[in-house]
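Trainee: need coordinates for the following:
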Amino acid sequence: MKTNKSVIIWLLSGCVLLFIMVMVGGITRLTNSGLSMTDWHLVTDTFPPTSDQAWNDAFEEYKKFPEYQKINIHNDFTLDDYKFIYFWEWFHRFIGRIIGIVFIVPFVYFLIKKKLDSSTIKKCIILLFMGGFQGFLGWFMVKSGLIDNPDVSHYRLALHLTFAFITFAYTLWVALDLIYPNKIEVILPLRKLARIALVVLIIQIIYGGFVAGLNAGLIHNHWPLMSEGKFIHETVWMEQQTLLQNLTEGKSGVQFIHRTVAYFVVGMILFLYFKSKKYSLTTIQTKGLNILVLFVFLQFLLGVFTLLLHVPLWLGLAHQLMAFILLSAMTFVLHRFSK
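Mentor: Purely as a prediction, here's the structure:
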């Protein structure tokens, strides 16, 4: 670990920045700020408008698009309101630029100084492409809300969000490879269970993106049952024409899947925890599992209260960030059962 200390700090700094990026992205979504910047320029958009004229020009450009024409034109939407939503979208993109610089500059430095072995270089090149693709996905998502419908595609939102989570998890994995360079004996049954739990968690994250994109957390604000005391409300089957559409595009169907898969996430992690009692674990493996169980229950409670309280901004954001932290713990546990 000492040999690679600077590289580890660099990778973990990237993890922190990705965490901040997701946090600001959550605020951007919850404040309906994501469509405020109607174009994308790598250099000229680096800083917000600096004069009244520039602000007015940006506002006039925004007025040409569906979000203003179909929604905000009816809300006494002022230039100050526009500046507020513009800030969050600009800040989200600005952090993306910072992440790019923080990754590329030290990467080139470490290459020149020969501080990266061939395996780490390959992993970092993958990360470089993942970061670039994530930027593309962000614009791909925003573009879907600038044509006819003044809201982004929930599919593209979920793709953008989930890929950010996966990029973070992979960055953390590369750092963990350097933090724990010594191989351990792999307990195959626990590794298999941890992998399955990770897949179920990623499915839940995808559906979290669907819920956010469709504002599906604003209906059926009851727990443990849906509206009218029903486990499966009839609207789950009624909103769209086919079963698949109901479960991927209908608000009720998407919420039903999200709230149901939550039980599977908890169940898989508890199963992994109790199954591990049959084996002799290292201290770090045991601590990782304990933390994972704690985090999954915290996330479950946050999800319940987010639903019951009709998704207040702070609680919706906390729920999203806790998902990020839960994925961190899941990645750590899987790594400690794999390497």
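
Trainee: out of everything not next to it in sequence, what's closest to residue 94?
Mentor: Nearest residue to residue 94, sequence neighbours excluded (CB to CB, 6 or more residues apart in numbering): residue 46, at 7.1 Å. Every residue, glycine included, has its C-beta placed from N, CA and C.

Trainee: what count of nearby residues applies to that neighbour?
Mentor: A count of nearby residues for residue 46, using other CB atoms under 10 Å, gives 11.

Trainee: next, it: secondary structure please.
Mentor: coil (DSSP: H, G, I helix; E, B strand; the rest coil).

Trainee: quick one: it and residue 95 touch, right?
Mentor: No. Using CB atoms under 8 Å, residue 46 is not in contact with residue 95, being 11.9 Å away.

Trainee: list the buried ones in stretch 192-212?
Mentor: Buried residues in stretch 192-212, counted by 16 or more other CB atoms under 10 Å: 193-194, 197-198, 200-212.

Trainee: what about the residue lying farthest from the centre of the chain, which helix or strand?
Mentor: The C-alpha centroid of the chain is most remote from residue 53, which lies 35.7 Å away (CA atoms, centre = their mean). Residue 53 is part of helix 52-62, with elements assigned from DSSP states H and E.

Trainee: can I get the CA coordinates of that helix in PDB?
Mentor: Only the C-alpha atoms of helix 52-62 are listed here, as PDB (Å, rounded to 0.1, in the frame of the first residue of the first chain):
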ATOM      1  CA  ASP A  52     -26.700  40.900 -17.500                       C
ATOM      2  CA  GLN A  53     -26.800  40.800 -21.300                       C
ATOM      3  CA  ALA A  54     -25.400  37.300 -21.300                       C
ATOM      4  CA  TRP A  55     -27.900  36.100 -18.700                       C
ATOM      5  CA  ASN A  56     -30.800  37.600 -20.800                       C
ATOM      6  CA  ASP A  57     -29.500  35.900 -23.900                       C
ATOM      7  CA  ALA A  58     -29.300  32.500 -22.100                       C
ATOM      8  CA  PHE A  59     -32.800  33.100 -20.700                       C
ATOM      9  CA  GLU A  60     -34.200  33.900 -24.100                       C
ATOM     10  CA  GLU A  61     -32.600  30.800 -25.600                       C
ATOM     11  CA  TYR A  62     -34.200  28.700 -22.800                       C
END
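
Trainee: following that helix, which helix or strand comes up?
Mentor: Beyond helix 52-62 in the direction of the C-terminus, DSSP H and E gives the next helix or strand as helix 66.

Trainee: counting by contacts, list what that next one packs against.
Mentor: Counting contacts by 3 or more CB pairs under 8 Å, 6 or more residues apart in numbering; DSSP states H and E, helix 66 packs against no other helix or strand.

Trainee: chain center to that helix, what's the gap?
Mentor: 26 Å (CA atoms, centre = their mean, to the nearest Å).

Trainee: can you tell me what sits against the lowest-mean-pLDDT helix or strand in the chain?
Mentor: Least confident helix or strand, the chain: helix 66 with a mean of 85, by mean pLDDT, DSSP states H and E. Residues outside helix 66 that contact it (CB atoms under 8 Å, 6 or more residues apart in numbering) are 145-150.

Trainee: in the stretch 201-339 of the chain, where is pLDDT below threshold?
Mentor: Within the stretch 201-339 of the chain, no stretch has pLDDT under 70.

Trainee: ranges for the helices of the stretch 1-150 of the chain?
Mentor: Applying DSSP state H, counting those that start in this stretch to the stretch 1-150 of the chain gives helices spanning 5-30, 52-62, 66, 79-112, 118-143.

Trainee: adding distance to residue 160, write those helices out as CSV.
Mentor: Listed next are those as CSV, based on distance: least, CB to CB, whole Å:
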stretch, distance to residue 160
helix 5-30, 8
helix 52-62, 21
helix 66, 19
helix 79-112, 11
helix 118-143, 4
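
Trainee: from those helices, which stretch is densest packed?
Mentor: Most buried of the helices of the stretch 1-150 of the chain by mean neighbour count (mean count of other CB atoms under 10 Å) is helix 5-30; its value is a mean of 19.

Trainee: ok now it, how far from the chain's centre?
Mentor: 11 Å.

Trainee: check what pLDDT the residue farthest from the centre of the chain gets.
Mentor: Predicted confidence (pLDDT) at residue 53: the value is 93.

Trainee: same question for the one 4 residues further on.
Mentor: According to the model's per-residue confidence, residue 57 sits at a pLDDT of 90.

Trainee: contact partners for the nearest residue in space to it that is not next to it in sequence?
Mentor: Leaving aside its sequence neighbours, residue 57 sits nearest to residue 49 (CB to CB, 6+ apart; 7.5 Å). Residue 49 makes contact with 55, 57-58, according to CB under 8 Å, 6+ apart.

Trainee: output the below-cut-off pLDDT ranges for the stretch 1-150 of the chain.
Mentor: In the stretch 1-150 of the chain the weaker segments, taking pLDDT under 70 as the threshold, are 1-3, 42-44.

Trainee: mind running it again at 90?
Mentor: 1-5, 26, 29-50, 54, 58, 61, 64-76, 113, 132, 135-150 (pLDDT under 90).
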